[in-house]
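Chemist: Take this sequence and fold it.
(2 chains)
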Amino acid sequence: MVGIVDYGVGNLFSLKSSFKYIGESAELVSDEKSIIACDRLILPGVGAFGDAAVALKETGLGEAVKKYAATGKPLMGICLGMQLLFEKGLEFGEHDGLGLIPGKVVAISPLVNGNKVPQIGWNSLIFTDSKTDIYKNTPNGEFVYFVHSYHAECPIEYITAQTEYGALLTASVQNKNVIGTQYHPEKSGEAGLAILKSFCEI
Amino acid sequence: MITKRIIPCLDVRDGRVVKGKNFLGLNDVDSPIKLAAEYSACGADELVFYDITASFEQRKLFAEILRETASNVFIPLTVGGGINTIDDFARVLESGADKVSVNSGAIRNPSLIYEGAKKYGSQCVVLSADIKRVDGGFRVFAKGGREDTGIEALTWLKNGVESGAGELVVNSIDTDGVKKGFDIELLQMVCDVCKVPVIASGGAGSVQHFIDLFKQVPQIDAGLAASVFHFGEIKISDLKKELKENGINVRIGRNYD
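Modeler: Okay, the predicted model is just below:
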């Protein structure tokens, strides 16, 4: 069973629907016991890093996600959920993330080569040398849907794909069983569903 | 590189997609759920659902349609129409919308933009404006383009971005429904002053109009249209192929035919 951590941030309807669509049972989970019991876990999130970090802390679900990650079972953060996996976020002040992947989340430099912030739209994946199972059915250059004003700065060995937006931005990351996508696979059409399916097959 | 987006807009009334010319004389087109799935399959980058119903009962039907669509179509879904309070944001987001488009509701209560952005993030708030030339200037119209608010359009959009709108839909009433091309002059002016993504709306009648739009206003992020897609005059898969052949960066899928 895929668990989707429900800590009161964001719209989980599409995410839940997308797993159902690919034939995987997915449930919202909001207590430590159910989180640890999941076979796979999704950490979603939209909005601001600080608010979400506070919500994870106050509900105790941040700690639960860390305990889950320590079991070695697959965890995937999506969008802000990916950003929360890092050590620090620099959105409206400095906030602690879960620290499951070394690095920090910084603002996209505005108007590099005329690009607008936030980046909203479909951009292509540029794979790095770090391989990840979530792309086993995904070609290099695949288009996925991004909505973000911040991105992760981390050692290249954790970056599995980048995307070109004025500069190279971090599109996806992995540290052992902890995976993150800056883009929304649940909003990336067939391409995104293939990535979710691969995650379910890890 | 980020791609230019093609966005079909579905005006929904009584559970059906309708399309009028210059906002009047609505024609029945098709089931929104069916159309949305078709558009997604042939390469639409995003969908806009516009709720043009008024009654509470119809609003419930619209929410059901939205849920059904969001359960089967996995591209971004923007919902507008009847968004007057922050509770309306919650109502459509819970039914599967990703972004909320405000128009008349923001004219009546401009703080709605800020409230929406604060609660759900700027990326969730799309400011949509119906704009028309009046006395040599550009004015914002309310109530589906029927009422001149007297508000100067560029100032309105600029203030909207400052209040937290993460994206703009610029609909030209002058070009809407007449299929003679997008309002290049207006769109260029908006792109010059607003540094968030801008979606062009109103006037698409042919593939060439989309090519002209992206060539003549390179800062434009997306082109939105309704009837040319609904009545099959332009197939989205063909449109994207032709855009690509004309050097415009668009998302071409593996099998979007």
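Chemist: Get me the contact residues on the stretch 51-200 of chain B for chain A.
Modeler: B:67, B:70-72, B:74-77, B:93-98, B:120-124, B:166-167, B:195-197 (C-beta under 8 Å from any C-beta of the partner chain). (Glycine included, C-beta is placed from N, CA and C.)
Chemist: Give me the buried subset of those residues.
Modeler: Taking 16 or more other C-beta atoms under 10 Å in any protein chain shown as the criterion, what is buried in these is B:67, B:70-71, B:74-77, B:93, B:95-98, B:120-124, B:166-167, B:195-197.
Chemist: returning to that earlier point: tell me which of the residues of the stretch 51-200 of chain B next to chain A fall in helices.
Modeler: Within these, residues falling in helices by DSSP state H are B:67, B:70-72, B:93-94, B:120.
Chemist: Name whatever forms a beta bridge with A:Gln162.
Modeler: Taking DSSP bridges as the rule, A:Gln162 bridges to A:Ile126, A:Thr170.
Chemist: secondary structure element for A:Phe199?
Modeler: Counting by DSSP states H and E, the element that carries A:Phe199 is helix A:189-200.
Chemist: Averaged pLDDT, that helix. What do you get?
Modeler: For helix A:189-200, mean pLDDT is 97.
Chemist: pretty sure B:Thr3 belongs to a helix, no?
Modeler: No: looking at B:Thr3 with DSSP: H, G, I helix; E, B strand; the rest coil, it is coil, so not inside a helix.
Chemist: Please, where are all the helices along the chain?
Modeler: Since no chain was named, I'll use chain A. A:13-21, A:32-37, A:49-59, A:61-70, A:80-83, A:189-200.
Chemist: You answered for a different chain; I wanted chain B.
Modeler: Residue ranges of the helices in chain B, as given by DSSP H, are B:32-41, B:56-72, B:86-94, B:104-108, B:111-120, B:153-163, B:184-193, B:207-216, B:227-230, B:236-245.
Chemist: From the chain's centroid, how far away is the third one?
Modeler: When you say that, I think you mean helix B:86-94. 18 Å (C-alpha atoms, centre = their mean, to the nearest Å).
Chemist: try the last one
Modeler: For helix B:236-245, the distance between its averaged C-alpha position and the chain's averaged C-alpha position is 20 Å (C-alpha atoms, centre = their mean).
Chemist: List the buried residues for it?
Modeler: B:236-237, B:239-243.
Chemist: List the buried residues in the helix-or-strand element of chain A with minimal mean pLDDT.
Modeler: For chain A, using mean pLDDT, DSSP states H and E, the weakest element among its helices and strands is helix A:49-59, scoring a mean of 91. By neighbour count on 16+ other C-beta under 10 Å, the buried set for helix A:49-59 is A:49-53, A:55-56, A:59.
Chemist: So which elements touch that helix?
Modeler: Where contact means 3 or more C-beta pairs under 8 Å, 6 or more residues apart in numbering or on different chains; DSSP states H and E, helix A:49-59 is packed against helix A:61-70, helix A:80-83, strand A:86-89, strand A:95-96.
Chemist: Kindly compare burial across these and name the winner.
Modeler: helix A:80-83 (a mean of 29; mean count of other C-beta atoms under 10 Å in any protein chain shown).
Chemist: hmm, that one touching chain B?
Modeler: No: using C-beta under 8 Å from any C-beta, helix A:80-83 never reaches chain B; the gap is at least 8.7 Å.
Chemist: So what touches that helix?
Modeler: A:5, A:9-10, A:42-49, A:52, A:76-77, A:89, A:97, A:105, A:150-152, A:172-173, A:180-182 (C-beta atoms under 8 Å, 6 or more residues apart in numbering or on different chains).
Chemist: And stretch A:90-102, by the same measure?
Modeler: Against stretch A:90-102 from outside (C-beta under 8 Å, 6+ apart): A:48-50, A:53-54, A:56, A:62, A:65-66, A:69, A:75, A:83-89, A:104-107, A:149-150, A:152, A:154-155, A:158, A:173, A:175, A:178, A:180.
Chemist: does A:Gly89 really touch A:Tyr150, like I thought?
Modeler: Yes: at 7.3 Å, A:Gly89 and A:Tyr150 qualify as touching, with contact defined as C-beta atoms under 8 Å.
Chemist: Would you mind listing where chain B has pLDDT under the threshold?
Modeler: Along chain B, the parts satisfying pLDDT under 70 run over B:19-28, B:54, B:254-257.
Chemist: and the residue lying closest to A:His184 once chain neighbours are set aside, what does it touch?
Modeler: Setting aside the residues directly before and after it, A:His184 is nearest to A:Tyr145 in space (C-beta to C-beta, 6 or more residues apart in numbering or on different chains), at 5.2 Å. With contacts defined as C-beta under 8 Å, 6+ apart, the neighbours of A:Tyr145 are A:121-122, A:183-184, A:187-189, A:192, B:75-76.
Chemist: follow-up on the earlier one: just put the ones in helices among the residues of the stretch 51-200 of chain B next to chain A in JSON lines and tack on distance to B:Phe141.
Modeler: What follows is these, written out as JSON lines (distance: C-beta to C-beta, whole Å):
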{"residue": "B:Arg67", "distance to B:Phe141": "31"}
{"residue": "B:Ala70", "distance to B:Phe141": "30"}
{"residue": "B:Ser71", "distance to B:Phe141": "35"}
{"residue": "B:Asn72", "distance to B:Phe141": "35"}
{"residue": "B:Leu93", "distance to B:Phe141": "27"}
{"residue": "B:Glu94", "distance to B:Phe141": "30"}
{"residue": "B:Tyr120", "distance to B:Phe141": "26"}
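Chemist: What's the separation between the spatially most central residue of chain A and B:Ile2?
Modeler: Nearest to the geometric centre of chain A sits A:Ile78, at 2.4 Å (C-alpha atoms, centre = their mean). Relative to B:Ile2, A:Ile78 is positioned 19 Å away (C-beta to C-beta, to the nearest Å).
Chemist: do B:Leu77 as well
Modeler: Plainly put, B:Leu77 is 19 Å away from B:Ile2 if you go by C-beta to C-beta.
Chemist: same check, this time on A:Ile126
Modeler: For A:Ile126 relative to B:Ile2 (C-beta to C-beta), the value is 13 Å.
Chemist: Compare the two (neighbour count), which wins?
Modeler: Neighbour totals were compared for A:Ile126 and B:Ile2, and B:Ile2 leads with 22 against 16 (other C-beta atoms under 10 Å in any protein chain shown).
Chemist: quick one, phi/psi of that one?
Modeler: In terms of degrees, to the nearest 10, the main-chain angles of B:Ile2 are phi -70, psi 140.
Chemist: Tell me how far it lies from B:Gly137.
Modeler: 32 Å.
Chemist: and stretch A:9-22, does that touch chain B?
Modeler: Yes: residues of stretch A:9-22 are located near chain B by C-beta under 8 Å from any C-beta, namely A:11, A:13-14, A:17-18, A:20-21.
Chemist: on that earlier part again, got the helices and strands packed on helix A:49-59 as TSV, with distance to A:Thr132 and mean pLDDT columns?
Modeler: Output for the helices and strands packed on helix A:49-59, formatted as TSV (distance: least, C-beta to C-beta, whole Å; pLDDT from 0 to 100):
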stretch	distance to A:Thr132	mean pLDDT
helix A:61-70	16	98
helix A:80-83	13	96
strand A:86-89	17	96
strand A:95-96	26	94
